[in-house]
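Visitor: what would the 3D arrangement of this be:
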Amino acid sequence: MGTHPAAGHFTSLQDWKDNALGVANGFLSEPLKLTLVNVVGGGEQEWAFIELKADATCKNGMAYPQRYAWALKFDKKGIVVQATAYLDSALVQKCYDANS
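Guide: Numbers count the residues shown, from 1 in each chain. You can find the predicted model right below:
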C-alpha cells in the first residue's frame, strides 16, 4: 500500500519477499527481521490484526525504526489469503533514497 519503492500488489508470499522485502533488504545492512508485538483476532475469526516492529540499520548507518500494522484474512484452512500492511512509508522512501 502506498507509493514508496516497496509498495505494490503482490500475488504470493514469494512475490512479496522478492519485491517488497527485497527493496528493504537492498538498503539495509542486514536482512530485515520482524518482531511480533501484538495480535488481535485470528483463531476462529476470519481476520487478525498484527503489530510488528523492525529496528534495523541502513547500509549508510541510518536508523530504520519501522513499525507495522497488518490486516490479515485467513481461509478455512488457516492460510493467509489477503494482507494489507500499514507502515511508515516516508521512512522507506528516505532510507531507499539515501542508500540507493
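Visitor: which residues are in contact with the host helix or strand of Ala90?
Guide: Applying DSSP states H and E as the criterion places Ala90 in helix 89-99. Helix 89-99 is touched from outside by 2-7, 23-24, 26-28, 58-60, 62, 64-66, with contacts defined as C-beta atoms under 8 Å, 6 or more residues apart in numbering. In this view, the C-beta of every residue, glycine as well, is placed from N, C-alpha and C.
Visitor: go again with 7 Å.
Guide: Residues from elsewhere that reach helix 89-99 (C-beta atoms under 7 Å, 6 or more residues apart in numbering): 2, 4-7, 23, 27, 58-60, 62, 64, 66.
Visitor: swap in stretch 39-57?
Guide: Under C-beta under 7 Å, 6+ apart, the answer for stretch 39-57 is 28-30, 32-38, 63-74.
Visitor: buried stuff in the helix or strand bottoming out on mean pLDDT in the chain?
Guide: For the chain, counting by mean pLDDT, DSSP states H and E, helix 13-16 ranks last in confidence among helices and strands (a mean of 92). Using 16 or more other C-beta atoms under 10 Å as the test for burial, helix 13-16 gives Trp16.
Visitor: what about dumping the CA coordinates of it to CSV?
Guide: C-alpha atoms of helix 13-16 as CSV (Å, rounded to 0.1, in the frame of the first residue of the first chain):
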residue,chain,number,x,y,z
LEU,A,13,4.4,-14.8,-0.4
GLN,A,14,7.3,-15.2,-2.8
ASP,A,15,6.2,-12.2,-4.8
TRP,A,16,6.2,-10.1,-1.6
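Visitor: next SSE downstream of it?
Guide: helix 22-27.
Visitor: work out the gap between that following helix and the centre of the chain.
Guide: 11 Å (C-alpha atoms, centre = their mean, to the nearest Å).
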